[in-house]
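Trainee: Next one to model:
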Amino acid sequence: MDLANFDLASDAEAGTTFHLANPRNGQPLFQEDGTPITIGIKGVDSPTFRAKAREQAARRRDMNSSGVGPEITEEFVTRETVELLATCTFEWSGIVCDGQPVEFSTEAAERLYSRFFWMREQADAACSNRNLYGRPVPQPQPSADQAAHA
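Mentor: Here you go, the predicted structure:
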């Protein structure tokens with residue numbers, strides 16, 4: 001098995017697009033015209049994710065060394081998670097909020113991920129799921145002798 005098949009950084013940087021699901025029943029969400037509502041996001045192994053995570057860690061370290069370290073509250077963790085996911089989000093389609101289409105931007109992603117926990121939760125799950133990124137890895141095939149005895 002060639003380990004190059006597991007080049008997670010480049011696959012995660014290319015990202016994936018996931019279909020946003022209804023938070024009440026798990027069914028896929030669609031626009032009025034039947035087009036899927038989707039979000040494009042990079043994975044945890046992407047250079048984008050890792051750079052933002054390092055930036056956040058450095059900021060916390062700097063705050064701690066100056067004696068004004070952050071109090072690690074639920075709000076603090078949520079803010080950092082929202083910032084990280086918004087940085088990794090690179091597109092969306094069909095997002096409407098309060099009756100208005102929402103054009104994609106990192107700032108818009110931060111607003112929506114802050115407001116809608118279920119949306120943030122789905123983005124986080126997609127970002128963390130390595131199975132969604134890259135090409136399928138070839139499965140080992142049994143030898144002719146093994147197949148004959150199966």
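Trainee: Excluding sequence neighbours, find me the nearest residue to the residue nearest the centre of the chain.
Mentor: The C-alpha lying nearest the average C-alpha coordinate of the chain belongs to Cys127 (CA atoms, centre = their mean; 2.4 Å). Leaving out its chain neighbours, the residue that sits closest to Cys127 by CB to CB, 6 or more residues apart in numbering is Ile41, at 5.2 Å. The way it works is simple: take the backbone N, C-alpha and C, and place the C-beta from them, glycine included.
Trainee: Confirm for me that Phe18 is in contact with Lys42.
Mentor: No. The pair formed by Phe18 and Lys42 falls short of the contact definition of CB atoms under 8 Å, at 11.8 Å.
Trainee: Which one's more surrounded, those two?
Mentor: Using other CB atoms under 10 Å as the criterion, Phe18 and Lys42 rank with Lys42 on top: 24 against 19.
Trainee: ok, the more buried one - contacts?
Mentor: 12-15, 48-49, 88-90, 127 (CB atoms under 8 Å, 6 or more residues apart in numbering).
Trainee: Throw together a ChimeraX command that grabs the buried residues out of these.
Mentor: Applying 16 or more other CB atoms under 10 Å to the contacts of Lys42, the buried members can be selected in ChimeraX as follows:
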select :12,13,15,48,49,88,89,90,127
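Trainee: Just the CA coordinates for the helix ranked longest in the chain, please, in PDB.
Mentor: Longest helix of the chain, by residue count under DSSP state H: helix 47-65. What follows is helix 47-65, C-alpha atoms only, in PDB (Å, rounded to 0.1, in the frame of the first residue of the first chain):
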ATOM      1  CA  PRO A  47      -2.800  23.600   6.100                       C
ATOM      2  CA  THR A  48      -5.600  26.200   6.500                       C
ATOM      3  CA  PHE A  49      -7.100  24.500   9.600                       C
ATOM      4  CA  ARG A  50      -3.600  23.800  11.100                       C
ATOM      5  CA  ALA A  51      -2.500  27.400  10.500                       C
ATOM      6  CA  LYS A  52      -5.600  28.900  12.200                       C
ATOM      7  CA  ALA A  53      -5.300  26.400  15.100                       C
ATOM      8  CA  ARG A  54      -1.600  27.400  15.600                       C
ATOM      9  CA  GLU A  55      -2.600  31.100  15.400                       C
ATOM     10  CA  GLN A  56      -5.300  30.500  18.100                       C
ATOM     11  CA  ALA A  57      -2.800  28.600  20.300                       C
ATOM     12  CA  ALA A  58      -0.200  31.400  19.900                       C
ATOM     13  CA  ARG A  59      -2.800  34.000  20.900                       C
ATOM     14  CA  ARG A  60      -3.700  32.000  24.000                       C
ATOM     15  CA  ARG A  61       0.000  31.500  24.900                       C
ATOM     16  CA  ASP A  62       0.700  35.300  24.500                       C
ATOM     17  CA  MET A  63      -2.300  36.200  26.600                       C
ATOM     18  CA  ASN A  64      -1.200  33.700  29.300                       C
ATOM     19  CA  SER A  65       2.400  35.000  29.300                       C
END
